[in-house]
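In: Take a look and give me a structure for this.
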Amino acid sequence: MSASKKTGPTKDERRARVSEIRAAQLRDDRRRKYLTILIFTGIVLALVVPTAFVIANAERDAAAVEQAASQPIVGERVDDISTATHVAGDISYETREAVAEGTLLPPTGGDHDPVVQNCGFYAEPIRSENALHSLEHGAVWLTYRPGLDDAQVARLSELAQENPYLLVSPFQDLAADVVATAWGVQVELDSAQDERLLPFLERYLQGEQTPEPGASCQGGIGG
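Out: Coordinates of the predicted model:
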């Protein structure tokens, strides 16, 4: 008796099986593609949405500072500067007698040294004679009481890094913890976080009060 002959899948069955495998592969590929898109979208949203909020908040804050700078700044004092001659040597701005007569400290203008004080942050006092030359070029000078707490000093240092026409240094005998001075104008501030500080910088860094706008605040003395 002869053995029965085994037969394999027919050609049509093989084709059907290949089609099923390909369809399954395509489904898997689509799932992976959709999953990749979802993951990528989630990552983008996780990055973009907070960034968008940060940008929106920054724009809103900048607009608020600009609006405040367009208004009179509370406590601001304007000084009448009658002379601005370059003078070699020391100039007496800061005597207690002068303060008693109403002179602002630091001085806001007047005769000054021919060499500018390089703008930036200083941990030690600087000469008013050189600082005034920087103010003449449109700098703002932020002075703070020696011994001011580290967090406030760090904030002032950050501002100096952000603004190429900003001077920051300690100063003796200030009437407030922080005093902001531009050429011919000054305001006493309660702290480095005083809400008037940024509007003052917005208004007076290279502001209309500058006798020589655009002149350099580098190339002089100081680190």
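In: Can you check the distance spanned by stretch 162-169, start to finish?
Out: End-to-end distance for stretch 162-169, by CA to CA, to the nearest Å: 16 Å.
In: And for stretch 202-210, what's in contact with it?
Out: 65-66, 68-70, 73, 136-140, 163, 165-166, 180, 182-185, 213-214 (CB atoms under 8 Å, 6 or more residues apart in numbering). For the C-beta atoms, the positions are set from N, CA and C on the backbone; glycine is no exception.
In: and the residue most central in space within the chain, how far is that from Ala151?
Out: The residue lying closest to the centre of the chain (CA atoms, centre = their mean) is Glu162, at 4.3 Å. Going from Glu162 to Ala151 by CB to CB, to the nearest Å gives 17 Å.
In: for Gly75, same thing?
Out: Look at Gly75 and Ala151: by CB to CB, they are 23 Å apart.
In: same deal with Leu159?
Out: 13 Å.
In: Which of these two has more residues huddled nearby?
Out: Taking other CB atoms under 10 Å, Leu159 and Ala151 do not tie; Leu159 has more neighbours (18 against 10).
In: That one: what secondary structure?
Out: Classification of Leu159 using DSSP: H, G, I helix; E, B strand; the rest coil returns helix.
In: do Gln186 as well
Out: strand.
In: Can you tell me how far it is from Gly222?
Out: Counting by CB to CB - Gln186 and Gly222 are separated by 21 Å.
In: between the two, who's got more neighbours?
Out: Shown here are Gln186 and Gly222; by other CB under 10 Å, Gln186 has more neighbours (25 against 18).
In: so that one makes contact with Val178?
Out: No: contact between Gln186 and Val178 fails when scored by CB atoms under 8 Å: they sit 11.3 Å apart.
In: per-residue confidence for Phe206?
Out: For the record, residue 206 is Gln, not Phe. On pLDDT, Gln206 comes in at 94.
In: Next: Leu35.
Out: pLDDT, Leu35: 73.
In: Doesn't it lie inside a strand?
Out: No: Leu35 sits outside any strand when classified using three-state DSSP, being helix.
In: OK, contacts around it?
Out: Contacts for Leu35 (CB under 8 Å, 6+ apart) come out as none.
In: Roughly how far does it sit from Glu202?
Out: 49 Å.
In: cool, Ser169 as well?
Out: With distances taken as CB to CB, Ser169 is found 21 Å from Glu202.
In: So these two - more neighbours on which side?
Out: For Ser169 versus Glu202, neighbours defined as other CB under 10 Å are more numerous around Ser169 (23 against 16).
In: which stretches of the protein have low pLDDT?
Out: Applying pLDDT under 70 to the chain flags residues 1-8, 12-24, 26-30, 33-34, 37, 45, 48-65, 67-70, 94-104.
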